[in-house]
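Colleague: The sequence and its predicted three-dimensional model are supplied below.
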Amino acid sequence: MHVLVATAVPVERDAVARAFAAAADEGRVLLGSADAAPGAGGRGRPVIDLVAVGVGPARAAATTASALTTAARDGAPYGLVVSTGIAGGFAPHAPVGSLVVADEITAADLGAETPDGFLPVTELGFGTVTHRPPEALVREAAAATGARTGAVLTVSTVTGTAVRAARLRARHPTALAEAMEGFGVAEAAAAHGTPVLELRAVSNPVGPRDRAAWRIGDALAALTEAFGKLTPVLESWHPHDR
Ligand SMILES: O=C(O)c1cccc(C(=O)CC[C@H]2O[C@@H](n3cnc4c(=O)[nH]cnc43)[C@H](O)[C@@H]2O)c1
């Protein structure tokens with residue numbers, strides 16, 4: 001299967017690449033479709049492309065859509081897109097250093113502010129705010145990595161107060177993490193009919209802005225460990241295994 005792994009920035013991409021390096025040396029994955037033989041990517045050895053798609057939902061959607069379109073045009077369409085990277089965790093549900101797999105990828109600030117609070121675009125009669133990854137894949141990814149499963153929220157503005165963190169959790173009671181790309185990646189995948197997964201490593205608590213509380217190195221290490229465990233899941237999963 002041909003898999004696109006989309007991170008926001010190169011340092012996250014490189015953390016994932018470290019996980020696949022060993023599997024590539026053992027011939028269990030093929031990194032980079034440019035090196036793939038024609039027709040590679042069927043069941044079995046996954047052909048994996050790692051792309052830093054940019055920070056934020058808009059840039060992530062545009063870059064992901066471009067990669068999906070190019071692969072389809074070249075006759076090697078992706079069977080799965082994985083949005084991954086660091087994230088804020090909603091304490092105590094997703095502590096710093098923990099892993100979260102999204103059973104729901106939701107845009108949390110796509111809508112309108114009203115005197116009665118926030119209204120998502122879906123309540124304004126437009127579009128969508130949620131994408132759901134394949135249930136079997138979420139189960140297998142969580143079992144393989146030890147990740148918690150729950151909603152991962154996509155925001156364009158990082159939460160910086162306890163009030164906003166509480167409001168987000170009140171609107172999304174299964175939310176475990178907050179990041180900035182998953183919904184954009186999922187929208188691009190949906191436009192191509194391609195399943196999506198979001199796996200996040202928690203680098204900081206969602207809430208009052210405190211950069212001293214960040215543990216980006218620990219989160220990147222957790223990301224590398226997670227993708228090392230995810231390889232067998234990618235080897236055995238097929239887009240029709242919904
Ligand atoms: O300046 C701050 O206070 C601040 C706090 C948390 C995160 C940021 C970022 O700019 C990170 C953006 C980048 O990392 C992902 N990420 C990591 N933690 C969070 C978070 O708490 N909320 C949203 N996104 C987060 C995100 O996906 C971006 O790629 C700044």
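Modeller: That came through, no problem.
Colleague: For this protein, which helix or strand comes out least confident on mean pLDDT?
Modeller: Ranking every helix and strand in the chain by mean pLDDT, DSSP states H and E puts strand 30-31 at the bottom, with a mean of 80.
Colleague: And the ligand, is the helix or strand that comes right after that one touching that?
Modeller: Going down the chain from strand 30-31, the next helix or strand is strand 47-52, by DSSP states H and E. No: Strand 47-52 lies out of reach of the ligand by C-beta under 6 Å from any ligand atom, never closer than 9.9 Å. C-beta: built from backbone N, CA, C; applies to glycine.
Colleague: which other helices and strands contact strand 47-52?
Modeller: With contacts defined as 3 or more C-beta pairs under 8 Å, 6 or more residues apart in numbering; DSSP states H and E, the packing partners of strand 47-52 are strand 2-7, helix 10-25, strand 30-31, helix 57-73.
Colleague: what angle separates that strand from helix 57-73?
Modeller: 150 degrees (axes from the mean of the first three to the mean of the last three C-alpha atoms, to 10 degrees).
Colleague: avg pLDDT for strand 47-52?
Modeller: For strand 47-52, the mean per-residue pLDDT is 95.
Colleague: how distant is the least confident helix or strand of the chain from the center of its chain?
Modeller: Its chain's average C-alpha position is 20 Å from that of strand 30-31, according to C-alpha atoms, centre = their mean, to the nearest Å.
Colleague: which residues does residue 221 contact?
Modeller: residue 15 (C-beta atoms under 8 Å, 6 or more residues apart in numbering).
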